[in-house]
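Q: What would the 3D arrangement of this be:
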Amino acid sequence: MSLLESVYNVAVNVLRPLLPAFGAASPKVSAAVEGRRAAAAAIARWAERERDPFRPLLWLHGASAGELAGAIPVVDRLRETSPGLQLLVTYSSPSAEGVLDELVADYAGYPPLETMASCREAVESSRPDAMVFAKLDAWPALTRVASDAGVRLGMINATVRPSSSRLRGPGRQLLTPSYRRLDSVGAVSEDEIARLELLGTRPEAIQVTGDASFERALDRIERARDRGPSDGPRLPARGPRTVRLCAGSTWPEDERVLIEAVARLQGSRVDAAPTAELELILVPHEPDAAAVRRIRALCLEHLGVEPRLWSTREGVTETGEIRRPLIVDAVGFLVELYLECDIAWVGGGIGGEGLHSVVEPAAASLPVLFGPVHDRWEARELMRRDAAAEAPPEGVPALLESLLADPRRRREMGAAGRDYVESGRGAGDASARLVMELLDPGSLP
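A: Next up, the predicted model:
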C-alpha cells in the first residue's frame, strides 16, 4: 500500500461517523452514503445464502447508469459462453438502478466503504474470481484488497478524459497504484493508451477493444424501431415543413439556451415565409415538477405561450401546435423519441453538469448538437466526422437556422453519425474475451 493510500484509508475511517451529515445534502447522496455503509454486511449475507463455490463469480463495478449500461453487451456475451456465471454488480450512484434489470445480477448494490476492513469483508465473503471496472471507477482500497486476495482485476470500455483530475495532483498519485494493479484493460481507442499509462496502467496490460456502449446504442435503436409505436404515434402528426429537435437529458442551462434560440428564430421570421418550422421537444434529465415549472416560466417569458405537457397529453395530439414546446415529463422512451425527430440536442454541455451520451442519437441517424463544455472522446470524433456540432449559447440560433434551411446537410450528418457508431461493432465480443481470460486464465486460444 502506498503512503497516500494509507493516509486515504485513515481519512475515510476518521470521516466515517460524519458520513450521515454529507447525506443530508440530498436524497441521492443520502442513499449512496447509507448504501455504502451497509454494503459489506449486505454482500456477506448474500454470499452466505447464494454464493455457489462451483460457479465463477464476476464482480462488475460501474460509477452510474452510463458506465454499467455500456457493460451490458459484454455481460450478455459472457452468459452465452459461460451460462453458469454468477454476477455481483456494484455502483456508486443510484442512477444505476435504472439499468439493473438488463444486467440480471445475482446481487446488486453499493460497493463497500473505502476502508480496508469493509472491502476485506466484502471480498473475502463473496470470493469473486475477477473484478472488472466499467470505464474508469477503480477504487484504491477495493483494488488493494482484491489484489491481495488473488482476485484478477480488469477494466472495460476504459477511457480517461484529457481534463480529468485523475491525471494530475493528488488524484493521480492516489489512483496510480489502483491502475497498476489492473491485470487487463480494454481501452476504447488508441488515444486512451497514453493517459492510462500516465495513471499507472502497465503497458502490457492494455489492449484496444473499443467501447461496447456503441453496440448497446445500436441494439436499443433497432429494438425501438422494430417495436414501433405501441399506442398510436408517440408524437402528433406534423406538416411537411416541420423539423423536430429532440433535446435529451437537458439541464436548466440547455433549456434556457434552446428556448431563447427558438424565440429568436420565430422573431426573425415574422415577415418571411419560412422554409421549415422548428418544433422543440424537451426531455429534462430530471423530469419532475420543478423542471416543468422551470420550462413553463421560460416559455412564457420568451415565447409568450404555454408549453405542451406529455404526461397529461395536453396539446400533445394537436397538430399545428409546434410553436409550443413539448415537455416530456416521463422517463423510459428517449430512444423512441429520437426515431421520430430530425435533430438531437444532448444536454449537459452548456453548464458544468457534463455532456450526456451522444452515441444513441448518432445511432438513430440524427445530427447531434451540444454545448461547448465537454470532454467526451465520442463527441470529438463525431465532430471530426462532421456528424455533430457544438455551439456556445450565442451561436445556437445560427446553428439551428443553418440546419433548418439545409435538409441535405441534416441527412449527411445523420448518416455520418450512424456510420461512426456502426464502426464500434465488435467491442462487446472483444471485451467479453478480455473478461473471460480474467475469470479463467488460459481459457482462450
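Q: right, and the helix or strand after the helix or strand bottoming out on mean pLDDT in the chain?
A: Between all helices and strands in the chain, the lowest mean by mean pLDDT, DSSP states H and E belongs to helix 19-23, at a mean of 56. For helix 19-23, the succeeding helix or strand toward the C-terminus, using DSSP states H and E, is helix 27-50.
Q: give me every residue that touches residue 335.
A: 220, 221, 224, 360, 364 (C-beta atoms under 8 Å, 6 or more residues apart in numbering). All C-beta spots, glycine's among them, are computed from the backbone N, C-alpha and C.
Q: Remind me which helix or strand it belongs to.
A: helix 334-339.
Q: Regarding residue 245, what is its secondary structure?
A: strand (DSSP: H, G, I helix; E, B strand; the rest coil).
Q: cool, and residue 375?
A: coil.
Q: Got the phi and psi for it?
A: phi -150, psi 50 (degrees, to the nearest 10).
Q: how much space between it and residue 298?
A: 27 Å (C-beta to C-beta, to the nearest Å).
Q: Residue 331 too?
A: Taken as C-beta to C-beta, the span from residue 331 to residue 298 is 21 Å.
Q: So those two - more neighbours on which side?
A: residue 298 (21 against 12; other C-beta atoms under 10 Å).
Q: residue contacts, the closest residue in space to that one that isn't next to it in sequence?
A: Spatial nearest neighbour of residue 298, excluding adjacent residues (C-beta to C-beta, 6 or more residues apart in numbering): residue 259 at 4.6 Å. By C-beta under 8 Å, 6+ apart, residue 259 lies in contact with 280, 295, 298, 299, 302, 303, 325.
Q: now residue 73
A: 212, 215, 216, 219, 427, 428, 431.
Q: Pull the contacting residues for the last one.
A: Applying C-beta under 8 Å, 6+ apart to residue 431 gives the contacts 71, 73, 74, 156, 157, 186, 209, 210, 212.
Q: can we see that at 7 Å?
A: Contacts for residue 431 were tallied using C-beta atoms under 7 Å, 6 or more residues apart in numbering; they are 74, 156, 157, 186, 209, 212.
Q: Can you list which of these are found in helices?
A: Of the contacts of residue 431, the ones assigned to helices by DSSP state H are residue 74.
Q: For the contacts of residue 431, give me CSV that also has neighbour count and distance to residue 197.
A: Compiled in CSV, the contacts of residue 431 are given as follows (neighbours: other C-beta atoms under 10 Å; distance: C-beta to C-beta, whole Å):
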residue, neighbour count, distance to residue 197
74, 31, 23
156, 30, 17
157, 28, 17
186, 27, 15
209, 25, 16
212, 31, 22
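Q: out of the contacts of residue 431, which are inside strands?
A: 156, 157, 186 (DSSP state E).
Q: The last one and residue 211 touch, don't they?
A: No: distance between residue 186 and residue 211: 9.1 Å, which falls outside the contact criterion (C-beta atoms under 7 Å).
Q: Residues that sit against both of the two, list them.
A: By C-beta under 7 Å, 6+ apart, the residues touching both residue 186 and residue 211 are residue 157.
Q: can you give me the helices for the stretch 1-150 of the chain?
A: Along the stretch 1-150 of the chain, counting by DSSP state H, counting those that start in this stretch, helices occupy 3-15, 19-23, 27-50, 65-81, 100-103, 116-126, 140-148.
Q: Torsion angles phi and psi at residue 425?
A: phi -60, psi 140.
Q: Excluding chain neighbours, give the residue nearest to it in space.
A: residue 215 (6.1 Å).
Q: How many neighbouring residues does that neighbour have?
A: 27.
Q: Helix, strand, or coil at it?
A: helix.
Q: Show me the residue sitting in the middle of this protein in space.
A: For the chain, the residue nearest the mean C-alpha position is residue 66 (2.6 Å; C-alpha atoms, centre = their mean).
Q: Kindly tell me how buried residue 264 is, as a neighbour count.
A: 16.
Q: let's number from 738 now, not from 1
A: In the new count, where the first residue is 738, that last one comes out as residue 1001.
Q: what does the model give it for pLDDT?
A: Among the per-residue scores, residue 1001 shows a pLDDT of 93.
Q: which ones are touching it?
A: Here residue 1001 is in contact with residue 1134 (C-beta under 7 Å, 6+ apart).
Q: Could you report the distance from it to residue 1153?
A: Distance from residue 1001 to residue 1153, by C-beta to C-beta: 28 Å.
Q: Next: residue 1167.
A: 24 Å.
Q: Any stretches of the stretch 888-1037 of the chain with poor pLDDT?
A: Low-confidence segments of the stretch 888-1037 of the chain (pLDDT under 70): 965-970, 1005-1012.
Q: just so I have it, where are all the strands in this structure?
A: So, for the chain - with DSSP E - the strands run 794-799, 823-828, 844-846, 867-871, 889-895, 921-924, 943-945, 979-987, 1014-1021, 1045-1046, 1063-1064, 1080-1083, 1105-1107, 1125-1127.
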